[in-house]
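Engineer: return atomic coordinates for the entry below.
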Amino acid sequence: MSPVTPPDHPTRDAGFGIYLHWPFCAAKCPYCDFNSHVRHGGVDQPRFLSAFRREIAHAAALAPGRTVNSVFLGGGTPSLMAPETVAGLLDAVAGAWAVAPDAEVTLEANPTSVEAGRFRGYRAAGVNRVSLGVQALNDPDLRRLGRMHSVAEALTAVRLAAASFERFSFDLIYARPEQTPRAWATELREAIAHAAEHLSLYQLTIEPGTPFFGLAQAGRLVPPDEDVSRALYDVTQEICAAAGLPAYEISNHARPGAASRHNLLYWRYGEYAGIGPGAHGRLVLPEGRTGTLTEKAPEAWLARVERDGHGIVATESLAAEDQGDEFLMMGLRLAEGIDPARYAALKGRSLDGTRLAALIADGFVARRAGDRVAVTPKGAPVLNAVVAELAA
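Structural biologist: Numbering: from 1, shown residues only. Predicted coordinates:
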């Protein structure tokens with residue numbers, strides 16, 4: 001049987017990844033609008049694993065002949081899975097596609113759900129990178145964020161990660177209520193002292209439908225105003241750059257060569273299969289680049305997969321206009337920027353030269369090596385406006 005050749009596409013060389021969504025958490029954080037669910041009665045992991053295997057097989061039938069460059073186990077809280085469940089998921093991926101020898105395999109973990117034995121089990125299962133949801137390095141803010149761990153527990157988890165994996169990262173949330181640039185600078189320097197190679201630093205956003213949104217509407221939660229938020233952002237860039245972890249993407253900082261390969265795949269507009277409840281995918285099918293979305297409710301997803309072999313509830317064939325806009329929106333988040341020729345191949349027309357020249361003249365955008373186009377430090381805080389201008 002001859003090997004399957006994937007359909008040709010302008011972003012074919014951007015890589016192929018697998019996103020596996022484990023939707024369960026021990027508790028729901030008040031700021032979180034992700035597809036995460038608490039099940040106090042426990043989760044039937046063998047049954048869910050069987051369903052994941054079926055959906056992986058279905059995705060492989062849709063997108064055969066790929067080589068997997070990265071796998072990301074996100075959630076929810078994937079570190080609530082038994083190592084045997086993680087091993088089963090990764091074995092299913094390896095049975096469905098070829099996996100690159102140097103593939104990055106990341107698992108998200110919460111400091112409350114990790115210990116040395118579990119980390120060793122994940123490592124033996126094939127995980128080679130972990131991303132820890134630390135979120136804050138002071139206990140009062142951890143409590144306000146609804147986190148179930150203390151700073152001491154978080155730092156213990158960081159030490160375990162460093163001892164168990166060649167690569168690890170952790171997340172922090174800033175622009176928290178009452179946070180000052182000086183306090184954030186102190187916290188950030190402490191974080192960098194513990195971070196080997198990568199930090200994800202996100203500004204707190206108040207999302208509709210979350211408890212924080214209700215508190216903000218009632219005036220009981222007041223995030224920093226625009227000026228303070230900008231000062232916090234500037235402090236973040238300055239301190240990380242000085243420490244050798246410059247931003248390679250708006251919210252992600254890494255030492256040279258330590259960027260998250262899976263996230264780069266998203267931002268470079270690569271192809272990925274989304275597996276599990278509420279997972280999104282972007283696959284290049286014979287009819288073109290196609291978006292997929294699975295059933296969000298875990299038990300409904302489970303029933304659908306057991307009945308139909310997959311949990312996909314929506315597919316969308318992306319028009320050239322949509323692909324160009326998505327490529328622009330994702331790629332301009334990166335410090336490396338975008339290749340205008342690739343944009344033109346996706347969109348069917350080139351960037352507007354007059355608009356581009358005006359943004360360059362105003363200092364929001366710059367040319368980079370290889371004729372790439374990138375947002376400048378001045379343009380990064382107003383990225384959405386820059387993208388809207390170039391996409392028009």
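Engineer: excluding chain neighbours, what is closest to Tyr31?
Structural biologist: Residue nearest to Tyr31 in three dimensions, not counting chain neighbours: Phe212, with 4.7 Å by Cβ to Cβ, 6 or more residues apart in numbering. To be clear about C-beta, it is placed using only N, CA and C from the backbone, and glycine gets the same treatment.
Engineer: how deep is that neighbour tucked in, by neighbour count?
Structural biologist: Neighbour count for Phe212, taken as other Cβ atoms under 10 Å: 25.
Engineer: ok, Asp91 next?
Structural biologist: With other Cβ under 10 Å as criterion, Asp91 counts 15.
Engineer: how about it, secondary structure?
Structural biologist: Under DSSP: H, G, I helix; E, B strand; the rest coil, the three-state class of Asp91 is helix.
Engineer: got it, and Pro256?
Structural biologist: Going by three-state DSSP: Pro256 is coil.
Engineer: which stretches of the stretch 51-200 of the chain have low pLDDT?
Structural biologist: 116 (pLDDT under 70).
Engineer: could you redo the last one with a cut-off of 50?
Structural biologist: Along the stretch 51-200 of the chain, no part satisfies pLDDT under 50.
Engineer: residues contacting Ala14?
Structural biologist: 265, 268-271 (Cβ atoms under 8 Å, 6 or more residues apart in numbering).
Engineer: now pLDDT too, for these, in JSON lines please.
Structural biologist: Converted to JSON lines, these look like this (pLDDT from 0 to 100):
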{"residue": "Leu265", "pLDDT": "97"}
{"residue": "Arg268", "pLDDT": "96"}
{"residue": "Tyr269", "pLDDT": "96"}
{"residue": "Gly270", "pLDDT": "96"}
{"residue": "Glu271", "pLDDT": "97"}
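Engineer: which of these lies closest to Glu84?
Structural biologist: Lowest distance from Glu84 to these (Cβ to Cβ) belongs to Leu265, with 27.3 Å.
Engineer: isn't that closest one up against Ser70?
Structural biologist: Yes - counting by Cβ atoms under 8 Å, Ser70 is a contact partner of Leu265 at 5.8 Å.
Engineer: shared neighbours of those two, anything?
Structural biologist: 15, 17.
Engineer: wasn't the residue nearest to Tyr31 part of a helix?
Structural biologist: Yes - the assignment for Phe212 is a helix, going by three-state DSSP.
Engineer: and it, what does it touch?
Structural biologist: With Cβ under 8 Å, 6+ apart, Phe212 has these contacts: 30-31, 206, 221.
Engineer: compare these and tell me which is most surrounded.
Structural biologist: Within the contacts of Phe212, most neighbours by other Cβ under 10 Å means Tyr31, with 21 neighbours.
Engineer: what helix or strand is Leu283 on?
Structural biologist: Here Leu283, judged by DSSP states H and E, is contained in strand 280-285.
Engineer: point to the residue nearest the middle of the protein.
Structural biologist: Centroid-nearest residue in the chain: Asn263, 5.6 Å away (criterion: Cα atoms, centre = their mean).
Engineer: so which elements touch the helix or strand where that residue lies?
Structural biologist: Taking DSSP H and E as the definition, Asn263 sits inside helix 261-267. Applying 3 or more Cβ pairs under 8 Å, 6 or more residues apart in numbering; DSSP states H and E, one finds that helix 261-267 makes contact with strand 16-22, strand 67-75, strand 98-109, helix 320-331.
Engineer: give me the sheet partners of the first one and which way each runs.
Structural biologist: In the sheet containing strand 16-22, the strands it pairs with under DSSP bridges are strand 67-75 (parallel), strand 271-275 (parallel).
Engineer: need the winner for burial among the ones you listed.
Structural biologist: strand 271-275 (a mean of 26; mean count of other Cβ atoms under 10 Å).
Engineer: tell me what the closest residue in space to Arg147 that isn't next to it in sequence is bridged to.
Structural biologist: Distances taken as Cβ to Cβ, 6+ apart place Gln135 nearest to Arg147, at 5.7 Å, with adjacent residues excluded. Counting by DSSP bridges, Gln135 forms beta bridges with Leu172.
Engineer: and Ser200, by the same measure?
Structural biologist: The partner residues for Ser200, given DSSP bridges, come to Asp171, Asn252.
Engineer: if I look at it, how far off is Gly146?
Structural biologist: According to Cβ to Cβ, to the nearest Å, Ser200 stands 19 Å off from Gly146.
Engineer: which of those two has more neighbours?
Structural biologist: Set side by side, Ser200 and Gly146 show more neighbours around Ser200, with 20 against 15, by other Cβ under 10 Å.
Engineer: list the contacts for the more buried one?
Structural biologist: By Cβ under 8 Å, 6+ apart, the contact set of Ser200 is 131, 169-172, 251-253.
Engineer: re earlier: now the contacts of Phe212 as JSON lines including distance to Trp184, secondary structure and pLDDT?
Structural biologist: Output for these, formatted as JSON lines (distance: Cβ to Cβ, whole Å; DSSP: H, G, I helix; E, B strand; the rest coil; pLDDT from 0 to 100):
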{"residue": "Pro30", "distance to Trp184": "20", "secondary structure": "coil", "pLDDT": "87"}
{"residue": "Tyr31", "distance to Trp184": "17", "secondary structure": "coil", "pLDDT": "87"}
{"residue": "Ile206", "distance to Trp184": "18", "secondary structure": "coil", "pLDDT": "90"}
{"residue": "Leu221", "distance to Trp184": "18", "secondary structure": "coil", "pLDDT": "88"}
